[in-house]
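**Q** Return atomic coordinates for the entry below.
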Amino acid sequence: MTGTLAGIAAVAVPLVLLLSAAGQVRAPGGLAAALRAHGTLPRAVTGPVAAAVIAAEAGTGACGAVALLLWTDVPMRAASAVAAVLLGLYAGYGAYVARTRRGVPCGCAGRDTPMTGWVAGRAAALAALALAGALHGLPAGPAPFELTVTITAGLAFAVLLWTLPHAMTEERRPAG
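**A** So this is what the prediction gives:
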């Protein structure tokens, strides 16, 4: 079971990181604006911090994707370990901002999803998946059927975790 979970992580985590980085590229300045709205950093550093975060997501996601495509265990473990730390930091930061600032955007993937506990929960779930990948590594010699199930489950986890915060956002419309 642990091998399957690590295999799912090897698919889901890099995919989510790459999707997030792509979203940031499509909406430049969105993360910096969200960081300014959070009020946790001096305004002067929000741009550089946003750029560093996007570079970390893109680099970690790309390394994980290449390691998956080449099916190389050590680079996958390393990319998963970096992803676990990055996503763990996101989870802690997201939980803090969700508790202390109401109605601010998360800045996730350049979207306008509000920062909520769902954002922090998604980051925590991805961090746990990445940690499983870092500790266990890629499954050794899976049968084609097992590989198909693992890849399909990884894609499903990625889609579910990617959409979770936005899907759980409740829009309030004026009565009338």
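**Q** use CA for all of it now, contacts and neighbours both
**A** OK.
**Q** pLDDT below threshold where in this structure?
**A** Along the chain, segments meeting pLDDT under 70 span 1-2, 110-111, 169-176.
**Q** residues contacting Arg43?
**A** Arg43 is in contact with Arg36, counting by CA atoms under 8 Å, 6 or more residues apart in numbering.
**Q** distance of it from Val53?
**A** The gap separating Arg43 from Val53 is 16 Å, by CA to CA, to the nearest Å.
**Q** what's the answer for Gly64, then?
**A** Using CA to CA, one obtains 16 Å as the distance from Gly64 to Val53.
**Q** More neighbours: the two, which one.
**A** Taking other CA atoms under 10 Å, Gly64 and Val53 do not tie; Gly64 has more neighbours (31 against 16).
**Q** I'd guessed the more buried one sits against Val82; true?
**A** No. Here Gly64 lies out of contact with Val82, judged by CA atoms under 8 Å, at a distance of 9.7 Å.
**Q** The nearest residue to Pro75 once chain neighbours are set aside: helix or strand, and which one exactly?
**A** Leaving out its chain neighbours, the residue that sits closest to Pro75 by CA to CA, 6 or more residues apart in numbering is Ala67, at 5.8 Å. Counting by DSSP states H and E, the element that carries Ala67 is helix 43-70.
**Q** any idea which helix or strand comes after that helix?
**A** Next element after helix 43-70 (DSSP H and E): helix 73-100.
**Q** Flag every buried residue along that next one.
**A** Judged by neighbour count (16 or more other CA atoms under 10 Å), helix 73-100 contains these buried residues: 73, 75-84, 86-91, 94-98.
**Q** Give the next helix or strand downstream of that helix.
**A** Trace forward from helix 73-100 with DSSP H and E and the next one is helix 117-136.
**Q** and that next one, how far from the chain's centre?
**A** Here helix 117-136 shows a centroid-to-chain-centroid distance of 8 Å under the convention CA atoms, centre = their mean, to the nearest Å.
**Q** Can you spell out which helices and strands pack onto the helix or strand just after it?
**A** Where DSSP H and E defines the elements, the next helix or strand beyond helix 117-136 is helix 144-167. Applying 3 or more CA pairs under 8 Å, 6 or more residues apart in numbering; DSSP states H and E, we find helix 144-167 packed against helix 2-26, helix 117-136.
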